[in-house]
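show me how the following folds:
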Amino acid sequence: MKIGEVVDRLKAEFPALSVSKVRYLEAEGLIAPHRVGNGYRRYSTADVERLRYALTAQRDEYLPLSVIRERLLELDGTADAPPPAVARVVASGGRTVSGALNAEDLVHHSGASLEQVEELVAIGVIAPDAHGRFDTRALATVSLALQAGRLGIPLRNLRAVRSAAEREADAIDLATQHKRNRSTTAGEDAAAELAGVLADLHSNLLHRAVEALR
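The predicted structure follows:
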């Protein structure tokens, strides 16, 4: 199928998807459509499913493209590629958790203490809604925060990580403002693409900085 047909097929699930976004993900090595004699790309059903996987992981798990690419490479060697979490998180005990969660749910599914959850709320790493409930993304955040703690970073120090993420979000907002003024969809598409690029850049610079400490 042609690239426009790919966008049309996925548009209902990903309203911000555009031809430029598909081409960007292709340039990043997430898909490799077949090229016919005249140089035009032809996308297979497998290409569409890989795109769906990548877009879902980027939207729902905020994964950088480098991680998504690694996951796809791993799944290439399996017979059945399970979809990434869509409004759900697999807890450490192997249970699938979905829907809104309260603080006690976070404690139960993440293994954190109530004091740790409250500390993460206090420093703004996770935030409840007006009813005191958390989405499933908060569970993943708590689990990662605990892992960082086990590796030597106190939870209170994660305030700096949150602040860095907010500064990057501000930079993305500023950079895509002109596109958002013309079209909300174009603005969201540009922001999602730029977020993926900055996430990869941040990972690259962080690893380089750590290596420089050796």
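
separation between Pro154 and Ser113?
Relative to Ser113, Pro154 is positioned 14 Å away (C-beta to C-beta, to the nearest Å). Every C-beta, even on glycine, is put in place using the N, C-alpha and C of the backbone.

so how far does stretch 132-140 reach from one end to the other?
17 Å (C-alpha to C-alpha, to the nearest Å).

any idea of the mean pLDDT in that stretch?
What stretch 132-140 shows for mean pLDDT is 82.

tell me the gap between it and the middle of its chain.
15 Å (C-alpha atoms, centre = their mean, to the nearest Å).

can you pull the buried residues of it?
For stretch 132-140, burial by neighbour count (16 or more other C-beta atoms under 10 Å) applies to Phe134, Asp135, Thr136, Ala138, Leu139, Ala140.

among the residues you listed, name the ones in helices.
Among the buried residues of stretch 132-140, the members falling in helices (DSSP state H) are Thr136, Ala138, Leu139, Ala140.

dump those residues to TSV, plus distance to Leu213.
As requested, those are exported to TSV (distance: C-beta to C-beta, whole Å):
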residue	distance to Leu213
Thr136	35
Ala138	31
Leu139	32
Ala140	28
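
can you tell me what sits against the helix or strand Arg162 falls within?
For Arg162, the host element (DSSP states H and E) is helix 158-182. The contact list for helix 158-182 (C-beta atoms under 8 Å, 6 or more residues apart in numbering) reads 120, 123-125, 145, 148, 186-191, 194-195, 198, 202.

any idea which helix or strand comes after it?
Going down the chain from helix 158-182, the next helix or strand is helix 184-212, by DSSP H and E.

now do that following helix against helix 158-182, angle only.
With axes from the mean of the first three to the mean of the last three C-alpha atoms, to 10 degrees applied, the angle from helix 184-212 to helix 158-182 works out at 150 degrees.

buried stuff in helix 184-212?
186-196, 198-200.

repeat that for stretch 43-51.
Buried-residue list, stretch 43-51, by 16+ other C-beta under 10 Å: Tyr43, Asp47, Val48, Arg50, Leu51.

which other residues reach stretch 10-19?
The contact list for stretch 10-19, computed with C-beta under 8 Å, 6+ apart, reads 3-4, 7, 48, 51-52, 55-56, 59, 185-186, 188-189, 192.

rerun at 7 Å
When contacts are defined by C-beta atoms under 7 Å, 6 or more residues apart in numbering, stretch 10-19 is touched by residues Ile3, Gly4, Val7, Val48, Leu51, Arg52, Leu55, Thr185, Glu188, Asp189, Ala192.

test my guess that the third one contacts Ser20.
No - in this structure Val7 lies outside contact range of Ser20 using C-beta atoms under 7 Å: 9.9 Å.

which of those two has more neighbours?
More crowded of Val7 and Ser20, by other C-beta atoms under 10 Å: Val7, with 18 against 14.

what mean pLDDT does the helix or strand that contains the more buried one have?
Per DSSP H and E: Val7 is located in helix 3-10. The average pLDDT within helix 3-10 is 88.

list the buried ones in it?
Neighbour count says helix 3-10 has Ile3, Val6, Val7, Arg9, Leu10 buried, by 16+ other C-beta under 10 Å.

for Asp60, see how far away the last one is.
Read it as Leu10. Leu10 is 15 Å from Asp60, by C-beta to C-beta.

show me the domain layout of the protein.
3-76, 88-153, 159-212 (automatic domain parsing).
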